[in-house]
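A.B. asks: With the input below, show me the fold.
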Amino acid sequence: MHRSRALPGNPRSDAHGSIEEHEYVAGFLQRHPPFDEVGMDALERIAAQAAIVEYPPGTVILRAGEAPQLFVIVSGTVAIEGAPSEGGGDLALAPGDFFPVAALVAQRQVASNYVAKEPTCCLAFPAEEFVRLEREHPRFHVHCARKVAALLEQSLRVFQAQRGPGIEHLVEGPLAGVAGRAPVSCAPETPIRAVLETMARERIGSMVVVDEATRPIGIFTFRDMLDKVALAQPDLAQPIASVMSRELYVLPASAPVLDAVLLMAREGIRHVPLVEQGRLVGLVSESRLFTVTRGGIRETRLAIRQAKSISEVHHAIGEMRALVERLLRQGMSPDTITRLVTTFNDVVIQRLVALLDTAGDFPAEHACWIVLGSEGRGEQTLATDQDNGIVVDDAAAAADPGLRQRLVALAERVNRALDECGYPLCKGNVMASNPEWTAPLSEWQARFADWIDRGHPQSLLNAAIFFDFRAVHGKPAIVERLRTWLSAYALDHGRFLLQMTHNALENQPPLGLVRDFVLASGGAHPDTLDLKVNGVQPFVESARIYALSTGVEATNTVERLRAAAAARRIPEAEVEGWIEAFRFIQGLRLKLNLDQSAAGAALHNHLDPDTLNDLERRILKESFRQARKLQTRLARDFSAGAGGFGA
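C.D. replies: Numbers count the residues shown, from 1 in each chain. The predicted structure follows:
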């Protein structure tokens, strides 16, 4: 055997191996994953390239900043300096482990020191052999991707633990776990009197109405009792179907608690039936959910919904930001926080429309207020401006020529009110007060089609904002028709997706060759990292392209990545690495915004990396590397002639 290069630490190495040593190396590797996936021919080839190297305790086997080569531990222990273990101290590798995985996968310099903690023996191989194994053996590649994702996930768990005990387990647990007693239901023909007697006897505040197959078709609540029975005084022999609420929101029993919390906050409802395969299996109430989650979510939602003026809405938004800070400090994940912020912002829009539409100009059955960009993706942080519009049903627009003008006038009042409440006006005028963005459905379709057909630079910029739309107030079915149409139209235009890919790849993660990061050299925030443009945007843009290329209709970045990856058979571990990195950067954005708010400073996304501790800095570097890996796959899948369009 021979060395591929002089190794650090002046170790003893057998430079000329015998056939027996080759067989020993190949046999050892065959007993340890992922080398057991590559076949004996490949093992015998790399065995001939190996050096058996011994290191005394304390030897630095690999130093940060060096070019990587592949090491496999035969005996002893190797510690990764700066990589924390969950039990405390540096992460340690044992016999059969190999390193440095992340550097080899990314083909970059080593990020940490690897130190022998006791007498240690390793097999050393040229990095080129690792690259060849990854290229030629898909299972080997998947194993390595999982290992990198696991290391990042472990670092994130340690980081989360350092921030103190969290409440994440409460809101991410399944709704079935908090549903309590078995649901009480009735048939639609049940007399009102019988339903009232059952509710009194069972001491329940609502009755779910089900069909013959126990599928929920309506609900009768205490509010219905007051409005439709106590006040209207109908004949109590009438069927409950005559007074039940038919607008019903249901969730799977397996859905996380957070989904019900956000649904109740957004829609102003107090009960959510739980279903399995469409059949009623449970019911959760607002009082029970907010007993579980605590934290002031219910109070904040009520403060917004019950506000009587713009100033009261503004005050409630201040309470919302204090709540967000408290939940973030308690350990709630960035993904959950951004969904919560987005939901509260939706409620703010709904309340302002209700306050300002004194003349009833917004036909909720024929139009829908939509949000775009980060709010459309459900990923809004505290530093954000407005991006919104209104989609109008074509028939309603044709029947009422003055409808558009009235909606624009209402939107001007709402946009100004949002500005007063801390959501700045969009500098590009992408707001519902712009007549371009309050338009019939067919006009939205024609504009989107023109962008896709022409593919001009401005069209690509527009797509990055407008294609992430989501319904907030009004009739969601109109927006669903627009989404379904866009998904089908974009899928048939590979040239436009290729242009979007080229545009996305121009925004590279800010990783340097000499220093850790490439910092801004000028502007209003010199020597900083833009966590929005250079941090989350590579993930957002890539996810959008993958979604459009596979017909995925989700707008949320995490949902897009998972759904598109399943359609394209991208290894799950690889995708989870991207998602964890995206979430970490989002968390840094939130923390930055909260620190700025506490200091009374203007909110922005520019981070001075010198303010990070060592662990945060390490995870941020790895997160940027994950963004680079995602872009590498995007370039490979959607390069000209790659045939990457369509699932």
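
A.B. asks: C-alpha from now on. contacts and neighbour counts both.
C.D. replies: Fine.

A.B. asks: where does the protein have low pLDDT?
C.D. replies: 1-18, 82-89, 149-172, 290-295, 329-331, 513-515, 640-647 (pLDDT under 70).

A.B. asks: Can you say which helix or strand has the residue nearest the centre of it in it?
C.D. replies: The structure's the chain has its C-alpha centroid closest to Val558; by C-alpha atoms, centre = their mean the separation is 3.5 Å. Using DSSP states H and E, Val558 sits within helix 557-568.

A.B. asks: Give the buried residues for that helix.
C.D. replies: Thr557, Val558, Glu559, Arg560, Leu561, Arg562, Ala563, Ala564, Ala565, Ala567, Arg568 (16 or more other C-alpha atoms under 10 Å).

A.B. asks: repeat for stretch 127-147
C.D. replies: Those would be 127, 129-131, 133-134, 137, 139-147, for stretch 127-147 by 16+ other C-alpha under 10 Å.

A.B. asks: buried residues in stretch 412-419?
C.D. replies: Glu412, Arg413, Val414, Asn415, Ala417, Leu418, Asp419.

A.B. asks: thought the fourth one was touching Val430?
C.D. replies: No: contact between Asn415 and Val430 fails when scored by C-alpha atoms under 8 Å: they sit 10.6 Å apart.

A.B. asks: intersection of neighbour lists for those two?
C.D. replies: Gln386 (C-alpha atoms under 8 Å, 6 or more residues apart in numbering).

A.B. asks: before we move on, back to that, closest to Val72 out of the buried residues of helix 557-568?
C.D. replies: Ala565 (31.0 Å; C-alpha to C-alpha).

A.B. asks: Which residue lies closest in space to that closest one, excluding its sequence neighbours?
C.D. replies: Val575 (7.1 Å; C-alpha to C-alpha, 6 or more residues apart in numbering).

A.B. asks: so who does the one you found touch?
C.D. replies: Contacts of Val575 (C-alpha under 8 Å, 6+ apart): Leu561, Arg562, Ala565.

A.B. asks: Just the endpoints, please. Distance across stretch 422-439?
C.D. replies: Taking C-alpha to C-alpha, to the nearest Å as the measure, stretch 422-439 stretches 26 Å from start to finish.

A.B. asks: What are the buried residues along that stretch?
C.D. replies: 422-425, 430-439.

A.B. asks: so Arg495 sits in a helix?
C.D. replies: Yes: assigned with DSSP: H, G, I helix; E, B strand; the rest coil, Arg495 falls within a helix.

A.B. asks: That one: how many residues sit nearby?
C.D. replies: 17 (other C-alpha atoms under 10 Å).

A.B. asks: how much space between it and Thr501?
C.D. replies: Distance from Arg495 to Thr501, by C-alpha to C-alpha: 10 Å.

A.B. asks: same question, Phe582
C.D. replies: Using C-alpha to C-alpha, Phe582 is found at 19 Å from Thr501.

A.B. asks: same deal with Pro401?
C.D. replies: Noted for Pro401: a distance of 40 Å to Thr501, by C-alpha to C-alpha.

A.B. asks: Confirm Ser112 sits in a strand?
C.D. replies: No: under three-state DSSP, Ser112 sits outside any strand and is assigned coil.

A.B. asks: can you tell me which residues contact it?
C.D. replies: By C-alpha under 8 Å, 6+ apart, the neighbours of Ser112 are Leu62, Arg63, Ala64, Gly65, Ile80, Glu81, Gly82.

A.B. asks: what's the helix or strand for Leu498?
C.D. replies: Going by DSSP H and E, Leu498 is part of helix 494-505.

A.B. asks: cool, and Ser623?
C.D. replies: Using DSSP H and E, Ser623 falls in helix 614-638.

A.B. asks: what is the orientation angle of that helix with helix 494-505?
C.D. replies: Angle of helix 614-638 versus helix 494-505, following axes from the mean of the first three to the mean of the last three C-alpha atoms, to 10 degrees, is 160 degrees.

A.B. asks: Would you mark the buried spots in helix 614-638?
C.D. replies: For helix 614-638, by 16+ other C-alpha under 10 Å, it's 615-631, 634-635, 637-638.

A.B. asks: Over to stretch 177-185?
C.D. replies: Within stretch 177-185, judged by 16+ other C-alpha under 10 Å, the buried ones are Val178, Ala179, Pro183, Val184, Ser185.

A.B. asks: Then stretch 43-57?
C.D. replies: Using 16+ other C-alpha under 10 Å as the test for burial, stretch 43-57 gives 43-44, 46-56.

A.B. asks: how about these in JSON lines, adding secondary structure and distance to Cys121?
C.D. replies: As requested, the buried residues of stretch 43-57 are arranged in JSON lines below (DSSP: H, G, I helix; E, B strand; the rest coil; distance: C-alpha to C-alpha, whole Å):
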{"residue": "Leu43", "secondary structure": "helix", "distance to Cys121": "19"}
{"residue": "Glu44", "secondary structure": "helix", "distance to Cys121": "20"}
{"residue": "Ile46", "secondary structure": "helix", "distance to Cys121": "18"}
{"residue": "Ala47", "secondary structure": "helix", "distance to Cys121": "15"}
{"residue": "Ala48", "secondary structure": "coil", "distance to Cys121": "17"}
{"residue": "Gln49", "secondary structure": "coil", "distance to Cys121": "16"}
{"residue": "Ala50", "secondary structure": "coil", "distance to Cys121": "13"}
{"residue": "Ala51", "secondary structure": "strand", "distance to Cys121": "10"}
{"residue": "Ile52", "secondary structure": "strand", "distance to Cys121": "7"}
{"residue": "Val53", "secondary structure": "strand", "distance to Cys121": "6"}
{"residue": "Glu54", "secondary structure": "strand", "distance to Cys121": "4"}
{"residue": "Tyr55", "secondary structure": "strand", "distance to Cys121": "6"}
{"residue": "Pro56", "secondary structure": "coil", "distance to Cys121": "9"}
